[in-house]
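**Q** would you be able to build a 3D model of this:
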Amino acid sequence: MFKTIEDDVLRKTVPEPLKHEFAQHDFERLKPFCLLVYIASICIWLVFDLIVSFPGGQGFSGLSILFLAVLTINTIALAFTRDARYFQWINLIFVLVIALGTRLLIEGLPMDLHTSWLILAASSILYSASVLPLKHWSFVTTMVITWVLLNPFYFTHLTLLEVRSALVIFYSTFLTFLTLYTFLKLRRAKLYNFIMAKLLLDQAYLDTLTEIPNRRAFITSAGKKLNQLPKVHDHYLAMIDIDNFKKVNDVYGHDIGDEVLKRVAQNIKGVMAEFDYARLGGEEFGIYMAGVRHDDVEQLATLLCRRVREEPTQHPVTISIGLARVEDGETLNQALIKADQALYVSKHAGKDRFTFHGS
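**A** Model (predicted):
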């Protein structure tokens, strides 16, 4: 089954919104690693600069301090960045500055060492970039910046007619395609792993018929809010049942019953969009309203009953609602029992209404 689902996912074109969601998720997950790469890069560059400046006899110049300051500011900017789109530009600035700074440092070395050190520096930058959460255009731009600034044929003794030049060209080409291939494959693998995880989570926590959260998702989310959110206002739990739903299935068939379930679910989603809602099973739905007042709950319940009742359709239905205030120290299951008891009262008082527990 897993292989079948995986093959089906791999055959589909990934929509752009999902790509953007993945890019943001990948950046948030790898942001600490990005910071580590930046800090390590600055430290290596600084050590290299100190070696060239003092044992090399060049002296630590103001230009070195400027480069160090720009790289540090860039890293601090990354620490405060929340959007993956901004990271693409931050990284390009970082690559531009560190590649230019490295080029200037290498210029201070003996000419015979330029080629090998330029290749080593380019390899390090490209390898680091290949594992960062970059988009395709950003990675390609990184490669262009790297080879423009660290080109082993600029200001060196290397000429295109030498045998050593052919080796450098071959290695540079191999390195470019290897890092590009690694980046593309790694990003594709992470993208489809993200899609598979999202698909499996949706199947575990989403009701496939109504396309709203299921009981498992509701218990998880509502339980978390019950334990963590401060009770500035009251918390209420609602249990909803479609009136005479069995009759709808018996008279019109289960296809119509499914349409009714989906329609009621969309009504709940429309009215209760800012709260946690779910299909608990069968024709029962649940809503957890955190930080609301009694009057607000009453208005929302009235609106929901009216919207379901007045929905223009060939198969109209009504709903009954049971409401319970979640008391301090009360568990979610205890509140569910109270809401179910209030729902029972609504059912036996004529349906198409709501009832507060203990009223």
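**Q** need the contact list for residue 282.
**A** Contact partners of residue 282, counting by Cβ atoms under 8 Å, 6 or more residues apart in numbering, are residue 245. The C-beta positions use only the backbone N, C-alpha and C, and glycine is treated the same way.
**Q** kindly report the same for residue 320.
**A** By Cβ under 8 Å, 6+ apart, the contact list for residue 320 reads 240, 241, 243, 343, 346, 347, 351, 352, 353, 354.
**Q** if we go to 10 Å?
**A** Residues in contact with residue 320, defined by Cβ atoms under 10 Å, 6 or more residues apart in numbering, are 239-243, 305, 342-355.
**Q** what's across from it in the sheet?
**A** Using DSSP bridges, the bridge partners assigned to residue 320 are residue 241.
**Q** so how far is residue 339 from it?
**A** Distance of residue 320 to residue 339, computed by Cβ to Cβ, to the nearest Å: 12 Å.
**Q** quick check: neighbours shared by those two?
**A** With Cβ under 10 Å, 6+ apart as the test, residue 320 and residue 339 both reach 239, 240, 355.
**Q** didn't residue 141 look like it was pressed against residue 91?
**A** Yes. When contacts are counted by Cβ atoms under 10 Å, residue 141 is listed as touching residue 91 (9.4 Å).
**Q** tell me the mean pLDDT for the longest helix along the chain?
**A** In the chain, taking DSSP state H as the definition, the longest helix is helix 163-205. Mean pLDDT, computed over helix 163-205, is 85.
**Q** pLDDT-wise, which helix or strand of this protein ranks last?
**A** Across the helices and strands of the chain, mean confidence by mean pLDDT, DSSP states H and E is lowest for helix 2-11: a mean of 61.
**Q** can you list the domains in this structure?
**A** The chain breaks down into these domains under the TED database: 1-202, 215-356.
**Q** and the last one, how far from the chain's centre?
**A** Averaging C-alpha positions (Cα atoms, centre = their mean, to the nearest Å) puts domain 215-356 30 Å from its chain's average.
**Q** now the end-to-end length of that domain.
**A** Using Cα to Cα, to the nearest Å, the end-to-end distance of domain 215-356 comes out at 22 Å.
**Q** one step back: in TSV: the shared contacts of residue 320 and residue 339, plus neighbour count and pLDDT.
**A** Formatted as TSV, the shared contacts of residue 320 and residue 339 follow (neighbours: other Cβ atoms under 10 Å; pLDDT from 0 to 100):
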residue	neighbour count	pLDDT
239	26	95
240	29	95
355	22	92
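**Q** coming back round to it: check which residues of the very next helix or strand once past the least confident helix or strand of the chain are buried.
**A** Once helix 2-11 ends, the next helix or strand along the chain (criterion: DSSP states H and E) is helix 16-53. Judged by neighbour count using 16 or more other Cβ atoms under 10 Å, the buried positions of helix 16-53 are 22-27, 30-31, 34, 37-38, 41-42, 45, 48-49, 52-53.
**Q** the helix or strand that contains residue 120 - contacts with which helices or strands?
**A** Assessed by DSSP H and E, residue 120 sits inside helix 114-130. Counting contacts by 3 or more Cβ pairs under 10 Å, 6 or more residues apart in numbering; DSSP states H and E, helix 114-130 is packed against helix 16-53, helix 84-107, helix 136-149, helix 163-205.
**Q** the spatially closest residue to residue 149 that is not a sequence neighbour: what's it in contact with?
**A** Nearest residue to residue 149 in three dimensions, chain neighbours excluded: residue 99, at 4.1 Å (Cβ to Cβ, 6 or more residues apart in numbering). Shown in contact with residue 99 (Cβ under 10 Å, 6+ apart): 121, 122, 125, 142, 145, 146, 147, 148, 149, 150.
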